[in-house]
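S.K.: Test case, fold it:
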Amino acid sequence: MYELMKNLWLYNKLKYLAFVLIIIGFVSSCDEEEFGVQSTKELLATASSETTVASGGSITFIDLSLGVASRKWIFPNGTPASSEEPEVEVVFSEAGDVVVTLEIEYYDGQTEIKEFPTTVFPPLIADFTPSATRIKVGESISFTDTTVGFPTSWSWEFEGGTPATSNEQNPTVQFNENNPITVRLVVTRAEDGSSSEVEKIIQVGPPELCLNGNFETGVGAVVDWQTWNGSPFPYNVATGGANGTDFTSVIDFKGSWGWGQIISRDFPGNKIALENGRDYIMSMYVRADAPIRLDQFRGVNHLPDWSPANTDGAPEGYQEFYNVSPTGVALPYNITTEWTKVSIQISVPDDGNSRTNFFPDIILGGGSDARVYIDEISVKVVE
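M.R.: The predicted model follows:
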């Protein structure tokens, strides 16, 4: 019993001493904080990454240092450029190698600096240039990668192409389908894992049946189509084509005109020679930013002897082709703000006549001013 009582006394005494030591330590710590003295100091800082993309990503810098009286971050070409906060999210605006610095001043007046070497990559923007955007069935196109940002791998998809896919940087592909086809490129950069993609439309078909003219140049006026409402009116190129193309044609229709016509009759590069006894589908995409009508969409053959498109000197007759079996919207059509495909199917009589200057004829009408966009005009043989 005596030993038990002795052990209990020692145990309680030790508990009391431990409690006293805790209290002393707490008071000592409070005194050190109050008078700017801290026994422990250590620089503990980190960054969420060593790489980022200029203006496309951020890095978080965190300082957990002990015994800190003040700190200052410096971020070259960064937003923010500097900070005194313990945690900072930074976006860098320029590609290149930068060194972020953190300067710590401890409670005892000593200072310490830590550097964070950081690589800022340029934005990765996928792009490519085809050797042609309109080709004959069975022809090939060479694709040149023009991606910005130094990709390290390429993944191509060619709708209706041979090959259908490729991992080459600059592949060459054959197309055997008489249709608009989509080409897709996905690029990646191994150093930072960035990726980017782009799609473009290629028109595949008999070359004389692809009529967009210079819509896809992105420069100035449309020079290989005619406009008429009693006199010519401006016909220009604008950005934002149908089916993801970069550009489209555009006219500023005036309600005071009452009507406006777009044709390509006298341009040899756009003329079409129709075959007797064949069917054709003529189509286009159209939209407008205000109410306006598409009053007529028809095919016309017109080659009198005074036409500059008459290369053999033999005049041809005038003939209009309308819907034989409608494959699109009914006319007249109230054009909407969304791209809409309008198409007609026509049949050419097997009568032995020559028709070498066939062209689409587009007639707009309405009483309001409206900007009208017309793109991807095409005439295709019905296989």
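S.K.: When you work out contacts or count neighbours from here on, use the C-alpha atoms and nothing else.
M.R.: Will do.
S.K.: And the strands in the stretch 101-250 of the chain, which stretches?
M.R.: 111-121, 128-130, 134-135, 140-145, 153-158, 161-162, 165-166, 172-175, 180-189, 194-204, 226-228, 236-239, 247-253 (DSSP state E, counting those that start in this stretch).
S.K.: Could you point out the helix or strand that follows the least confident helix or strand in the chain by mean pLDDT?
M.R.: Ranked by mean pLDDT, DSSP states H and E, the helix or strand of the chain with the weakest confidence is helix 2-34, at a mean of 38. Next helix or strand after helix 2-34 toward the C-terminus (DSSP states H and E): strand 45-47.
S.K.: Mind listing residues that contact the helix or strand just after that following strand?
M.R.: Sequence order places strand 51-53 as the next helix or strand after strand 45-47, per DSSP H and E. Residues from elsewhere that reach strand 51-53 (Cα atoms under 8 Å, 6 or more residues apart in numbering): 58-59, 92, 95, 118-123, 192.
S.K.: got it, and stretch 186-196?
M.R.: The contact list for stretch 186-196 (Cα under 8 Å, 6+ apart) reads 51-52, 121, 124-126, 147, 150-156, 197-198.
S.K.: ok, 10 Å please
M.R.: By Cα atoms under 10 Å, 6 or more residues apart in numbering, the residues outside stretch 186-196 that reach it are 50-53, 56, 119-121, 123-127, 145, 147, 149-157, 167, 169, 185, 197-199.
S.K.: Against residue 191, how distant is the residue lying closest to residue 127 once chain neighbours are set aside?
M.R.: Nearest residue to residue 127 in three dimensions, chain neighbours excluded: residue 147, at 4.6 Å (Cα to Cα, 6 or more residues apart in numbering). According to Cα to Cα, to the nearest Å, residue 147 stands 16 Å off from residue 191.
S.K.: how's the chain carved up into domains?
M.R.: 45-121, 128-204, 208-381 (automatic domain parsing).
S.K.: number of nearby residues for the residue nearest to residue 354 when sequence neighbours are not counted?
M.R.: Closest residue in space to residue 354, ignoring its immediate chain neighbours: residue 316 at 6.8 Å, by Cα to Cα, 6+ apart. The tally of other residues near residue 316 (other Cα atoms under 10 Å) stands at 17.
S.K.: okay but residue 316 is in contact with residue 273, surely?
M.R.: No: counting by Cα atoms under 10 Å, residue 316 does not reach residue 273; the two are 11.7 Å apart.
S.K.: Any chance you could list residues touching both of those two?
M.R.: Both residue 316 and residue 273 are in contact with 301, 354-357, where contact means Cα under 10 Å, 6+ apart.
S.K.: can you pick the most crowded of the residues you listed?
M.R.: Top of these by neighbour number is residue 357, holding 26 neighbours under the definition other Cα under 10 Å.
S.K.: which ones are touching it?
M.R.: 264-268, 270-274, 300-304, 307, 309-310, 316-318.
S.K.: related to what we said a few turns ago, ok, residue 147 and residue 191, which is more surrounded?
M.R.: residue 147 (19 against 12).
S.K.: Can you give me the pLDDT of that one?
M.R.: Listed pLDDT for residue 147 reads 96.
S.K.: what sits against residue 229?
M.R.: Applying Cα under 10 Å, 6+ apart, we find residue 229 in contact with 257-262, 363-364.
S.K.: So which of those residues are in strands?
M.R.: 259-262, 363-364 (DSSP state E).
S.K.: what about the stretch 151-300 of the chain, any weak spots by pLDDT?
M.R.: Low-confidence segments of the stretch 151-300 of the chain (pLDDT under 70): 178, 206-213, 268-269.
S.K.: how about a cut-off of 80?
M.R.: Residues of the stretch 151-300 of the chain meeting the criterion pLDDT under 80: 177-180, 201, 203, 205-219, 243-245, 266-271, 273.
S.K.: would you turn the strands of the stretch 101-250 of the chain into TSV with mean neighbour count?
M.R.: Formatted as TSV, the strands of the stretch 101-250 of the chain follow (neighbours: other Cα atoms under 10 Å):
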stretch	mean neighbour count
strand 111-121	17
strand 128-130	17
strand 134-135	22
strand 140-145	17
strand 153-158	18
strand 161-162	18
strand 165-166	17
strand 172-175	20
strand 180-189	20
strand 194-204	19
strand 226-228	17
strand 236-239	20
strand 247-253	22
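S.K.: Adding distance to residue 85 as columns, could you present those in a markdown table?
M.R.: Converted to a markdown table, the strands of the stretch 101-250 of the chain look like this (distance: least, Cα to Cα, whole Å):
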| stretch | distance to residue 85 |
| --- | --- |
| strand 111-121 | 15 |
| strand 128-130 | 44 |
| strand 134-135 | 58 |
| strand 140-145 | 44 |
| strand 153-158 | 39 |
| strand 161-162 | 56 |
| strand 165-166 | 49 |
| strand 172-175 | 54 |
| strand 180-189 | 33 |
| strand 194-204 | 29 |
| strand 226-228 | 65 |
| strand 236-239 | 45 |
| strand 247-253 | 48 |
